[in-house]
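K.L.:
Task: produce atomic coordinates for the following.
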Amino acid sequence: MPQDSSPRAAIFLRVNGAERALEVEPRRTLLDALRENLGLTGAKPGCEMGNCGACTVLLDGEAIYSCLALAVACQGQAITTIEGLAPGDALDRVQQAFIAHDALQCGFCTPGQVLAMKALLERNPHPDDEEIDRAMSGNLCRCGAYPKIRAAARALALQTP
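P.N.:
Numbers count the residues shown, from 1 in each chain. Below you'll find the model as predicted:
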């Protein structure tokens, strides 16, 4: 059996507050590094072209498509996945709002939706409907839970963080 002779790069990623050493091909996406190298499967491979948002993670607090980011380019930045959004068994207030407003169905898109909303609320704690729709437009929900996702965002926008 032939050995893989692809060049590898030793990198350090700060994921969910922990420094992680990896050896990856320079072309490896952040999505693949998270899922395959680190076992963090919350970010989902959907379209793998930056069209669906299922792979959304936070990079220094901004929502990005991890399928379009190279792992080597993310060194020195804080990466937050759904697994690291809240400590221990606690839930983040965005996750709590999704539950309270039944803003999930099959759950495939939910991690990306939650992280996109988290990034929005960090930028603007009190977004209006237009800002909510714009911020969430890059995350597709095949089940059509959009009205409930917006209701969760509206409820959070009325709260004082």
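K.L.:
so Arg35 sits in a strand?
P.N.:
No: with DSSP: H, G, I helix; E, B strand; the rest coil as the criterion, Arg35 is located in helix rather than a strand.
K.L.:
just the helices in the chain please.
P.N.:
Applying DSSP state H to the chain gives helices spanning 30-32, 93-100, 110-123, 129-136, 146-158.
K.L.:
Out of those, the one nearest Ala63 is which?
P.N.:
Comparison of the helices of the chain against Ala63 by CB to CB identifies helix 110-123 as nearest, at 4.0 Å. Where you see a C-beta, it was placed from the backbone N, CA and C, and this is true even at glycine.
K.L.:
Any stretches of this structure with poor pLDDT?
P.N.:
1-5, 160-161 (pLDDT under 70).
K.L.:
can I see the domain layout of it?
P.N.:
9-84, 93-158 (automatic domain parsing).
K.L.:
Can you tell me the number of residues neighbouring the residue lying closest to Asn51 once chain neighbours are set aside?
P.N.:
For Asn51, ignoring the flanking residues on the chain, the nearest one in space by CB to CB, 6 or more residues apart in numbering is Leu140 at 7.6 Å. Around Leu140 there are 18 other residues, counting by other CB atoms under 10 Å.
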